[in-house]
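Asker: when you get a sec, could you give me coordinates for this:
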Amino acid sequence: MNKKTILITGVAGLLGSRLADWIIEHKSEEYNIIGIDDLSGGYKENIHPDVKFWQMDLVNHPIENVFEAHKIDYVYHFAAYAAEGLSPFIRSYNYDNNLKATARLVNECIKHDVKRLVFTSTMAVYGHGEGGIFHEDMRRNPIDPYGIAKMACERDIEVANEQHGLDYCIIRPHNVYGAKQNIWDKYRNVLGIWMYYLLNDQPITIFGDGTQRRAFSYIDDSLEPLFRAHLEPKASKQIINLGGIEDYSILHCAEVLQKVTGKGEIVHLEKRHEVHTAVPTWQKSVDILGFEYKTSLEEGLMRMWDWAQLQPMRDRFIWENYEIEKGIYSFWKNKK
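Answerer: Model (predicted):
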């Protein structure tokens, strides 16, 4: 059997590393996996040894070398810096890391006749949505630079299909969590941030009153649907929400984590600029990708906490210099 080759960007991060693991475990006779990561937000030990790894970033390094060295059939583009709340204070970095990087990758996909690009976007493209409910065919209306960058990436990919025939599937995952997540980043992945605090005997912090509502997605539930996104004919040229079917208040999530870990005081910080309610529809992911909601929030947090307690001590990622200081929240002024 001639193996197909899949390129995964962001292969050291949560989605990239775990999808690579899943494919190698279940489909190793059918696929070779090539991975790209600059290791700015992921860790080399997350990468399966059977992945052919290229350490580079998509903005400044010659990514065409990867395409010339391997016949790439499919591409999963996970590489991004996903920090909605921080993005107004790191605008240039945000647009380079998310938009410019994607444009360069799309160029190579077109040049090398990639069969399908699977692009992970974000719920942030919806903005406030319609009463907090996000469905795939509603108008994109982001409220922060991160969401704006991802919206532009989506539209660029759609145009690449219209003009150059690049097939695609756009996945909008929501609040994915689990083993191999970066819990050392101060600005993104709220459940990971909380686990870092608990591991270091610090309180769980919540922006505002905690009534904000979110749906969370345990990574293991999303892996097989993600794999199907590059193969399923019905996924061609589709935008699909992927992830948790149940939504919770942020305060409730903190209380569940307290229950799971048996520790942690909850402290409320100042309110920040963010979407209050982000609840995606999910039926399309069930119908097209076979998504099944198997893991409750409590069970997922138990598994992630078991993993987190085994992790080594790492330096926490802190931005030394924000591009804009005006208006930055007091809790980010402290560089600790």
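Asker: need the nearest residue in space to residue 5, chain neighbours excluded.
Answerer: residue 32 (4.7 Å; CB to CB, 6 or more residues apart in numbering). No exception for glycine: its C-beta is placed from N, CA and C like everyone else's.
Asker: go on, residue 109?
Answerer: Distances taken as CB to CB, 6+ apart put residue 117 closest to residue 109, at 5.1 Å, once the chain neighbours are dropped.
Asker: for stretch 198-211, which positions count as buried?
Answerer: Using 16 or more other CB atoms under 10 Å as the burial criterion, the residues of stretch 198-211 that qualify are 198-199, 204-207, 210.
Asker: and what of stretch 232-241?
Answerer: In stretch 232-241, counting by 16+ other CB under 10 Å, buried: 232, 235, 238-241.
Asker: and these, which of them are in strands?
Answerer: Counting by DSSP state E, the part of the buried residues of stretch 232-241 found in strands is 238-241.
Asker: show me how the record splits this protein into domains.
Answerer: 4-176+218-242, 183-215+245-279+294-320 (automatic domain parsing).
Asker: so where's this protein uncertain?
Answerer: Within the chain, the stretches with pLDDT under 70 are 334-336.
Asker: quick one: the helix ranked longest in it to chain centroid distance?
Answerer: Counting residues, the longest helix found in the chain (DSSP state H) is helix 145-164. Computed by CA atoms, centre = their mean, to the nearest Å, the chain-centroid distance of helix 145-164 equals 17 Å.
Asker: then the helix or strand following it to PDB, C-alphas only?
Answerer: As assigned by DSSP states H and E, the chain's next helix or strand after helix 145-164 is strand 168-173. Only the C-alpha atoms of strand 168-173 are listed here, as PDB (Å, rounded to 0.1, in the frame of the first residue of the first chain):
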ATOM      1  CA  TYR A 168     -10.600  22.700   2.400                       C
ATOM      2  CA  CYS A 169     -12.500  22.000   5.600                       C
ATOM      3  CA  ILE A 170     -12.600  24.700   8.200                       C
ATOM      4  CA  ILE A 171     -13.000  23.500  11.800                       C
ATOM      5  CA  ARG A 172     -14.000  25.800  14.600                       C
ATOM      6  CA  PRO A 173     -13.100  24.000  17.800                       C
END
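Asker: by contact count, what packs against strand 168-173?
Answerer: strand 116-120, helix 145-164, strand 238-242 (3 or more CB pairs under 8 Å, 6 or more residues apart in numbering; DSSP states H and E).
Asker: in its sheet, what does it sit against?
Answerer: Under the criterion DSSP bridges, strand 168-173 sits next to strand 116-120 (parallel), strand 238-242 (parallel) in its sheet.
Asker: including distance to residue 257, could these go into a markdown table?
Answerer: Shown next, in a markdown table, are these (distance: least, CB to CB, whole Å):
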| stretch | distance to residue 257 |
| --- | --- |
| strand 116-120 | 25 |
| strand 238-242 | 23 |
